[in-house]
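> Got a sequence here, can you model it:
(chains A, B, C and D, ligands or ions: 4)
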Amino acid sequence: MRIEKHSNSLIDYNQPLSFVFNNKAYKGFKGDTLASALIANNVLYYARSFKYGRKRGIIGAGVEEPNALVSLEIGGRYTPNMKATEIMLYDGLSAVSSSNPHSIDFRAMIKPLHRFMPAGFYYKTFIKQKVWSIVEDRLRSLSGFSKAPSEIDEDVYDHIFQHTEVLVIGGGAAGMSAALEVLSSSKKARVILVDERENLGGELTNEFTTDQTATLWYQETKERLLKYRDEAGSRLKILTSATAYAWYDHNYIEVLQTIGTGQSMIQEGVQSARKVLHKIRTKEVILATGAHERPMLFETNDLANIMLSQSVRRYVNEFNVVAGKEIVLYGNNDSIYNTAIDLRKHNVESKVIDVRASGVESDIVLEARNLGIEVFQGFAILKAKGKSRVTGIEISKVEMQAKPPHWKSKWRVTGDTQTLNCDLLATSGGFNPVVHLDCHCGGKTYFDENSQSFLAQKDRKNRQLCGAVNSIGFWKDAIADAKNKAQLTLLSLGEDNEVNPQELTNQSRNYFNVDQFFTPLEILNKPKVFIDLQNDVTTLDVSLSIREGYQSIEHIKRYTAMGFGTDQGKTGNINGIAVAAEFLDAPMSEVGTTTFRPAYTGVDFGAMAGRELGDFFDPQRFTTIHDSHVNSGAEFEVVGQWYRPWYYPKDGEDMHQAVNRECRAVRTSLGMMDASTLGKIDIQGKDARELLSRVYTNAWMKLAPGSCRYGLMCNEKGMIIDDGVSTCINDNHFIMTTTTGGAASVYSTLEMWLQTEWSHLDVHLSSVTDQFSTVAVVGPNARKLMKKLCSDVDFDSKNFKFMQWRPGTVCGVKARIMRISFSGELAYEINIEANFGRFIWDEVAREGKEWNITPYGTESMHVLRAEKGFIIVGQDTDGSMTPMDVNMNWILAKNKPFSYIGRRSFSISALKSEDRLQLVGLLTKDDQVVLPEGAHIINNKGVSVGYVTSSYYSPALGRSIALAQLKGGLSKMSETVLVKIVQEKQGLKEIPCEVSSSVFYDTNGEKVDGNE
Amino acid sequence: MAMSKNSSHENMEPEFRSTFNKLIDEEGFLVNQEGVSCQEVIDQSLLILRTSKDSKMNIKVAKDIFNIELPGPLLATFGDSDLKCFWVSPDEFWISLSAQQMLEIEEKTNKLPLGISITNNSAAYGTLEFRGDKTTDLLSRWMSYDLEGSLQDGKAVSTTFGQAPVFVYREKKNIFMMIRHSFSHYVAGLLKDSAKRI
Amino acid sequence: MQKKYSWYSLLKAGLANQDWDKAIPSSKPKSKYDVIIIGGGGHGLATAYYLAKECGITNVAVVEKGYIGGGNTGRNTTIIRSNYLRDEASSLYEHSMRLWEGLSEDLNFNVMFSQRGVYNLGHTLQDMRDIERRVNANVLNGVDAVVVDHKEIKEQIPIINTSKNVRYPIMGASFQARAGVARHDGVAWGFARAASNLGVDIIQNCEVIDIEVEEGRVKGVKTTQGDILADRVGCVSAGHSSVIARMAGLRLPVESHPLQAFVSEAMKPILHTVVMSNAVHGYVSQSDKGDLVIGAGIDGYNSYAQRGSAKIVEHCAAAILELFPIFSRVRMNRQWGGIVDVCPDACPVISPTKVQGLYFNCGWGTGGFKATPGSGNVFAHTIAQDKQHDLAVPFHIDRFTTGALIDEHGAAGVAH
Amino acid sequence: MFSIHCPYCKEPRDQNEFSPAGEAFIARPENPEALSDEEWADYVFYRTNLKGDHWEQWVHTSGCRKYFLVKRSTINHEVIEVATFEEIDSENAS
Ligand SMILES: Cc1cc2nc3c(=O)[nH]c(=O)nc-3n(C[C@H](O)[C@H](O)[C@H](O)COP(=O)(O)OP(=O)(O)OC[C@H]3O[C@@H](n4cnc5c(N)ncnc54)[C@H](O)[C@@H]3O)c2cc1C
Ligand SMILES: NC(=O)c1ccc[n+]([C@@H]2O[C@H](COP(=O)([O-])OP(=O)(O)OC[C@H]3O[C@@H](n4cnc5c(N)ncnc54)[C@H](O)[C@@H]3O)[C@@H](O)[C@H]2O)c1
Ligand SMILES: Cc1cc2nc3c(=O)[nH]c(=O)nc-3n(C[C@H](O)[C@H](O)[C@H](O)COP(=O)(O)O)c2cc1C
Ligand SMILES: [Zn+2]
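Ligands and ions are numbered 1, 2, ... in the order given. Below is the predicted model:
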């Protein structure tokens, strides 16, 4: 319910908001979280637990909340598994529990069976595979929280790179103070201050109720920070609602900022990002992440309205709400008194039960007593009473038998139990500094006896800790600590600022000064003492795990699922460690923590992906002629990142028909192709030839200027990795072409050799792939067209031979014309500066009409080259084929002085084997049957001896052709082999074929000169 | 640029298409809004100058051909008219110049001493100019480079924009970015998309 | 003998609060064993189990530097399939698959092997050619596999995006119905429990710091818990294989790289099968608990840090959203890394070495979980007979010298 | 994402501008034909794969495109030293 309004609260009563939860309408205010608004409306139950289906209420006020999971909104804004405590209320919000506490739950119905379902239950049951395969799906439907989304996200997410000298994580008293100190002591250092909450201040607002100076300090500090933020040339960025969730190597930290939770981000046609992921590189980190409170253990400690003490305090102070009337505070440190005092100041009564021995009359105890708060010292709660919500407690006197430094506490319950009534119980078992981030990237923790918690490693490079994360409880100390750390930070940045460390007061109101973990076996051995509320892990599960031999804390985690949930054990894990220590009879320091990993709190996949989705998932690279292909209705094939025309269907043609038409055009008259995507590397220097002969298998020393040559490139393993034609411009200048997909890797491999091994060679490489557009003019009539387009080149075949190039002017544009052919026909490739690519393409198309020039795509190109038996690296080879395997011994230079890349491997035994897969042609006996690519060739035992790499219908030959890798294939010419079709509806099918040469068309190469 | 007349195309002016040709609006803008604008710079040619180990010769070549001094790491030097020289790597410099200047020096680039080479890459890149105080806000969505802290006036770096390689430099307050032709569509897409949320 | 797991024993335990035997008894090392296995991951534990069960060698110690199953076994995305391309590999993985199918019963421990099928998606024409080739090879090798087109995929997985208008449209897939996932920790525990039941000592928190070699023969190991003697030592230490090899003066053809995975928060069942894609670099399944278990690619640099870089997981999240756009508002709950030992041909080394009595089982890289029982089985026989098990022969380390590589990049392509 | 100081560009850049290029100091044999198959395999396939301070090659792919050397801990990823090939050569010479 709401309590009386007070000035500390962040609630704006002038802005009422309506919302719906579990199908009921409620009212809240701006400044509420969904949790606080529901508490104001006396909502008790939020969810059911994972394993036993127990009804659960809220326990926390922030990201540590394990219970109150809800599904927010519907449709394209539906979001599963949100914590009610992390959702800032907005008008029209609508949410339902992830697992409805009010519906009938199978898990809760089998309550009598729960005792037979200890940790590890499933490992011991359904052991027969057949049974398991039936049972598993049934069991699956019982698990999980929210339903998965079913619609596409309406929102978008941005990524932003940020750079700073100092990143302050946590904007509580410590973080604010640290940021301010850096800014005021340095003239250069940039600062980014992030906090996951909507407002700066962290837990400091809690102090406002009792400490006027806290209020003043906060207001003044905030103003000064805002001034820094807003000034010209600002060095400060403040990101609120922004969680640092992962710390990666070299001080790279990712921060997820929430702009909108579930409300529409589309306003007036403008869509802002729902979340922004800040990718922050910082020189120094100041960690001021505060601490999380941890609950006390007792029987049925999971009933609704059993909360954390600090959360109850925060609800009162920040949100003006409280979840009960008869309140009991229970714990082992001063935090419970603070809560009681704050409640009292807001006219809410409560009682305090402190396990610590009576007779300790510290200031705060006296203050509480003076305010009329009833205090039980040396008492413990054994059990919470109530069916689903707490209605009372059983308490008893307790004594500690041994004190620190002895690590084992040996608590004993003494005296009789008595019962107290209550409708809200708030506990505090001490505080865990939020060291999570510090451990993501190698930071270690150590166990601190004083605070009974794991603290961050003392010294780490370029990182300081301050405030509560540094186990400092009193706010003024946190501020002083932060200033000191800010100065050390500047020192580490190399700024010569003065360092005047301020003394800390070590005030007694220190929540970190706690007694031993309260883990008497009398309580731990009871059923239903919950450690991990979300996964229903109890003390007995931990005990069983240990008895069965799963004793490392990591095994306990995995055997019981402790800390596996959406809260990642922020409140519960420490109790699990304490309980394990008790059962293992080992100190907590030895038990240790499980590994802290990102994400500190959950990160939407959408936010991780940012805008790198759809068209932006991977660059789409287009040639300068692309628009024309689109206009011609081309279908595209993606090769590497490039979009290449695949075929150009006309008037309802399918691919087959289009390809037949395109191929026929090339073979009988004229075709044109956009070959711009091939990689092109400009190679200059007196050793350019030397480089080529080192990386290609064939000879290059004698290639004359004006000529081109095909080359095959291998890796050191002797396997083919690329091929292409290189052109000799002059003795010191070559242009290499590579395959489209191989361009980048060939370029970097060449650079690698040149820089790491052959730095004495005088060679320079530059990528000129984008510099040139290439239009291939292909077909018997190619020369005729070229003559029409270009008058300053002699195209006579005696003067401009196959595998030569000429400079010329095509349609007024300077060009390099290469006479090379991948189809066996007469062909010219016109290379022009890319800015004229489209122009030349259009001109070629226009002037070629006379010969019915036909644009063709990669599919036809593949057919044409297959007819000629030319390989496609990556299709006919797969990284395990040598030049010998593809019957290209002719391309291996015998007498090169330098042992070219890959050559040595040719002589190792397996590469010389006769039985290797070798590239051959296959001709089906039925010449109209086209073999499926990927089908295997079998021997008479039905065993695979090879497979089909390329297969097409050849319009020129009027039959099908195929290339295949066949074991020992080169010595099997004319033999008959069987290709097996395995996936045929009407049963298996075998296709007889004849092994042939891989050259099917124009075997003597007569076509290459075309028509005169 | 590379044009000469050809008999059968006597009256035809070859059509030059800039890199961002189809992506910019009529005024040449890719982005034009409050706080940030982005415009294509046309008529910029690009030569890649690769140098030898003999630094004296390198200095001389730069002086003789371009009348410019070679810059140190990550810097640019500025020569006559609009000619600029960028450091790209210890043995690589990019020279940005106008088409007119290009014609003027063409002769000289044909006879280079051994160990030095020049490659024309004018058509491979397009240049965008960014103005306005929200420029870094826009660019930092796709660039991990510390534009604010490290890209001072006269500095030039090759880096990435999304997954595209780009070359950026700052001249006074404005940032210039050179983008490979084949990535222009991609880069323009990212810029236009992000600009919606600036 | 340990008490058998059954409904009866469970009932009894529940009623009588009677206790279970230790599934993983803690042991201190003896001074000498017949065989020492270095590495208490799934493969090491399986090796010990089969040594005891099938080779009659029970005087065996498994020495683990941390907790068993804490290496890659405990941090993998648990995809199990046998649809590998090359005959040598597919025989080995299929051998493993057969063992999986009876494993829970064999071990008397439910490892939750769940044959929910695996789709390997194809997005380019070349992907589809490779899929055809692989599926055909599988069928000829007696491994179940089919090629499915995008329509069938959509029918089976209605939430997948088969639109043509995406960067990498789904063109088809290979599907193996017997493939699936298993509970990774359970596999380590099940083997450990069964092995120790047969007399194997499982020694945790015991790091091997040196290997004793005398005149080319292995003598034993030095550990953080003292020296242990044995004439035969099997190294099954995955990401740390090179480190162990170095102790014996050897080098291996492997590199250690980070490989990452992450899980979402638990949701109601939505994805009933396993989907992998090389082209977009991601693979996903939904665990019985309800979280999406997602695997990413490797980082290109060497590392022993058990963590990788953000770019890899972010790209992977994007890849998953390309396939399943509806997961955009689902949140990543936890992300972690393992150290995988990658071989140049994407196939493992199961082999004797130049040091007599020293055997290596390594190089499983990004995909060895599926091989756990098979690998342990053939390695046990290899150690016991000092002669490679037939199925292990092609995986001799000498293949890097002879050139008889078994290139599985196509099938192993993306990490899994 | 690492931050790597490029010894040529002389400033730290984010990892996404670089590509790792394998273990350092694996020289290509002068005369491969003279090697035994074992020696050749050692060069092509075998690696030290050091756990500890590891010398490796990186290339500033989208920066200056230079290959250089990095000594980096493979245990905690800390970069201990970067150097150009010339620097290392001259160090070895002296
Ligand atoms: C993120 C990720 C996802 C994966 N996904 C899949 C998948 O979907 N499918 C699949 O089939 N495979 C997958 N793998 C690969 C698979 O996990 C491994 O191949 C497999 O688990 C290896 O098992 P192992 O027993 O050999 O190694 P591990 O489980 O790593 O065991 C090796 C053990 O050796 C110990 N050790 C190391 N050094 C020493 C020493 N000096 N002394 C003593 N002990 C030592 C280690 O502590 C470790 O426990 C994945 C891997 C990762 C990291
Ligand atoms: N948490 C407690 O209950 C607790 C315990 C001891 C002391 N105190 C009080 O804490 C104050 C000490 O100041 P302090 O600044 O050290 O702690 P603080 O708790 O006031 O502030 C820490 C801030 O960091 C934020 N934060 C934590 N992890 C984050 C992340 N990963 N990303 C972004 N933000 C994150 C928190 O939401 C919080 O706002 C004093 O007021 C003292 O009285 C509180
Ligand atoms: C298949 C699989 C599923 C997992 N599911 C979860 C999960 O639901 N919640 C969780 O916190 N961690 C989950 N983990 C991750 C583990 O918590 C842990 O991060 C991982 O085993 C690596 O260990 P480490 O982080 O301790 O180094 C899962 C791990 C695997 C391999
Ligand atoms: Zn550089």
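
> and C:Ser375, what does it touch?
C:43, C:46-47, C:92, C:96, C:348, C:350, C:361, C:364, C:368 (C-beta atoms under 8 Å, 6 or more residues apart in numbering or on different chains). Every C-beta, even on glycine, is put in place using the N, C-alpha and C of the backbone.

> tell me, which of those residues make contact with ligand 4?
Among the contacts of C:Ser375, not one lies near ligand 4 by C-beta under 5 Å from the ion.

> of all the residues you listed, which comes closest to ligand 1?
C:Gly368 (2.4 Å; C-beta to the nearest ligand atom).

> Pipe the contacts of C:Ser375 into TSV and attach secondary structure per row.
Output for these, formatted as TSV (DSSP: H, G, I helix; E, B strand; the rest coil):
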residue	secondary structure
C:His43	helix
C:Ala46	helix
C:Thr47	helix
C:Leu92	helix
C:Ser96	helix
C:Pro348	coil
C:Ile350	strand
C:Asn361	strand
C:Trp364	strand
C:Gly368	coil
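
> Widest-spaced pair of those residues?
Based on C-beta to C-beta, the longest span within the contacts of C:Ser375 runs between C:Thr47 and C:Leu92 and measures 14.4 Å.

> Near chain C, which residues of chain D are found?
Applying C-beta under 8 Å from any C-beta of the partner chain, we find that chain D lies next to chain C at D:1-2, D:15-16, D:19-20, D:23, D:37-38, D:40-42, D:44-51, D:54, D:56, D:72, D:74-77.

> which residues touch the residue lying closest to A:Trp411 once chain neighbours are set aside?
Nearest residue to A:Trp411 in three dimensions, chain neighbours excluded: A:Pro520, at 3.9 Å (C-beta to C-beta, 6 or more residues apart in numbering or on different chains). By C-beta under 8 Å, 6+ apart, A:Pro520 lies in contact with A:380, A:398, A:411-413.

> Quick one: mean pLDDT for the host helix or strand of C:Asn377?
C:Asn377 is part of helix C:372-385 when elements are defined by DSSP states H and E. Here helix C:372-385 scores 98 as its mean pLDDT.

> Any idea how far that helix is from the middle of the chain?
Distance, stretch centre to chain centre, for helix C:372-385: 14 Å (C-alpha atoms, centre = their mean, to the nearest Å).

> does any bit of that helix sit next to ligand 3?
No - in terms of C-beta under 6 Å from any ligand atom, no part of helix C:372-385 sits within range of ligand 3; the closest distance is 13.5 Å.

> returning to that earlier point: please say which of C:Thr47 and C:Leu92 ends up with more neighbours.
Each of C:Thr47 and C:Leu92 has its neighbours counted (other C-beta atoms under 10 Å in any protein chain shown); C:Thr47 has more, 35 against 27.

> A:Ile266 touches A:Arg77, doesn't it?
No - assessed by C-beta atoms under 8 Å, A:Ile266 is found out of contact with A:Arg77, at 10.4 Å.

> Find the residues that touch each one of those two.
Contacts common to A:Ile266 and A:Arg77, judged by C-beta under 8 Å, 6+ apart, are A:Glu154.

> Buried ones among the contacts of A:Pro520?
Taking 16 or more other C-beta atoms under 10 Å in any protein chain shown as the criterion, what is buried in the contacts of A:Pro520 is A:380, A:398, A:411, A:413.

> need the helices for the stretch 201-350 of chain C, in chain order.
Ranges of helices within the stretch 201-350 of chain C are C:241-247, C:310-323, based on DSSP state H, counting those that start in this stretch.

> can you check chain D too?
D:37-44, D:85-93 (DSSP state H).

> Have a look at A:Ile266 and A:Arg77 and say which one is more surrounded.
Between A:Ile266 and A:Arg77, counted using other C-beta under 10 Å, the more crowded position is A:Arg77 (21 against 12).

> Quick one: residues contacting the more buried one.
By C-beta under 8 Å, 6+ apart, the contact set of A:Arg77 is A:153-155, A:262-264, C:329.

> Low-confidence ranges, the chain, go.
Assuming you mean chain A. Regions of chain A meeting the criterion pLDDT under 70 cover residues A:402-409, A:507-510, A:984-988.

> To clarify, I was referring to chain D.
D:93-94.

> Contacts only, for the residue of it at minimum distance from ligand 2.
Closest contact between chain D and ligand 2, by C-beta to the nearest ligand atom, is at D:Met1 (18.5 Å). D:Met1 sits next to A:248-250, A:252, A:279, A:281, B:144, C:309-311, D:14-16 when contact means C-beta under 8 Å, 6+ apart.

> So it versus C:Ile312, what's the distance?
10 Å (C-beta to C-beta, to the nearest Å).

> again with B:Gln163
In terms of C-beta to C-beta, B:Gln163 sits 14 Å off from C:Ile312.

> Neighbour count: those two, which is higher?
Taking other C-beta under 10 Å, B:Gln163 and C:Ile312 do not tie; C:Ile312 has more neighbours (22 against 19).

> ok, and the closest non-adjacent residue to A:Gly171?
Closest residue in space to A:Gly171, ignoring its immediate chain neighbours: A:Asp195 at 3.2 Å, by C-beta to C-beta, 6+ apart.

> for the one you found, what are its contacts?
Residues near A:Asp195 by C-beta under 8 Å, 6+ apart: A:170-172, A:175, A:202, A:239-240, A:242.

> Alright, calling it a day.
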